[in-house]
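1. Give me coordinates for this.
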Amino acid sequence: MVHCPECDATLAEETDVEFADFGAKSGFFKASKRFYLVACGDCGAAIGSGVAGAR
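-> All right, here's what the predicted structure looks like:
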């Protein structure tokens with residue numbers, strides 16, 4: 001079982017986390033890259049992230 005490091009909530013299902021996708025269209029990046037963030041569904045703490053190349 002996985003727990004959030006901030007609030008200790010149990011992260012057992014996909015619905016327990018929030019997935020955010022920030023791409024060039026959001027204005028977060030000017031380049032053609034995409035930034036992905038996974039956050040706790042209870043407290044919003046960032047749990048993981050990644051960057052993908054051009055589409």
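2. Next one, pLDDT for Phe19 please.
-> On the pLDDT scale, Phe19 is placed at 91.
3. again, but for Arg55
-> Turning to Arg55, the model gives it a pLDDT of 55.
4. Ala12 too?
-> At Ala12, pLDDT is 94.
5. wait, what's in contact with the residue lying closest to it once chain neighbours are set aside?
-> Nearest non-adjacent residue to Ala12, counting by CB to CB, 6 or more residues apart in numbering: Met1, 6.3 Å away. Placement of C-beta: from N, CA and C, glycine included. Met1 makes contacts with 10-12, as judged by CB atoms under 8 Å, 6 or more residues apart in numbering.
6. Would you mind checking those residues for buried ones?
-> Buried residues within the contacts of Met1, counting neighbours by 16 or more other CB atoms under 10 Å: Leu11.
7. Could you tell me which of the contacts of Met1 belong to strands?
-> With strands taken from DSSP state E, the overlap with the contacts of Met1 comprises 10-11.
8. quick check, nearest of the contacts of Met1 to Cys40?
-> Closest approach between the contacts of Met1 and Cys40, by CB to CB: Leu11, at 7.0 Å.
9. where along the chain do the helices fall?
-> Shown for the chain, no helices are assigned by DSSP state H.
10. quick one: low-confidence parts of it?
-> Counting by pLDDT under 70, the chain shows low-confidence ranges at 23-32, 54-55.
11. Ala9 and Asp16 touch, don't they?
-> Yes: Ala9 is within contact range of Asp16, at 7.1 Å (criterion: CB atoms under 8 Å).
12. Find residues that contact each of those two.
-> 40-42.
13. hey, what's Ala52 bridged with?
-> Beta-bridge pairing for Ala52 (DSSP bridges): Arg34.
14. burial of Val38, as a residue count?
-> 15 (other CB atoms under 10 Å).
15. Surely it and Glu14 touch.
-> No: using CB under 8 Å, Val38 makes no contact with Glu14, being 10.2 Å away.
16. can you give me the strands in the protein?
-> Under DSSP E, the chain gives strands at 2-3, 10-11, 17-22, 34-40, 46-52.
17. Check which helices and strands the third one sits against.
-> Taking 3 or more CB pairs under 8 Å, 6 or more residues apart in numbering; DSSP states H and E as contact, the helices and strands that strand 17-22 lies on are strand 34-40.
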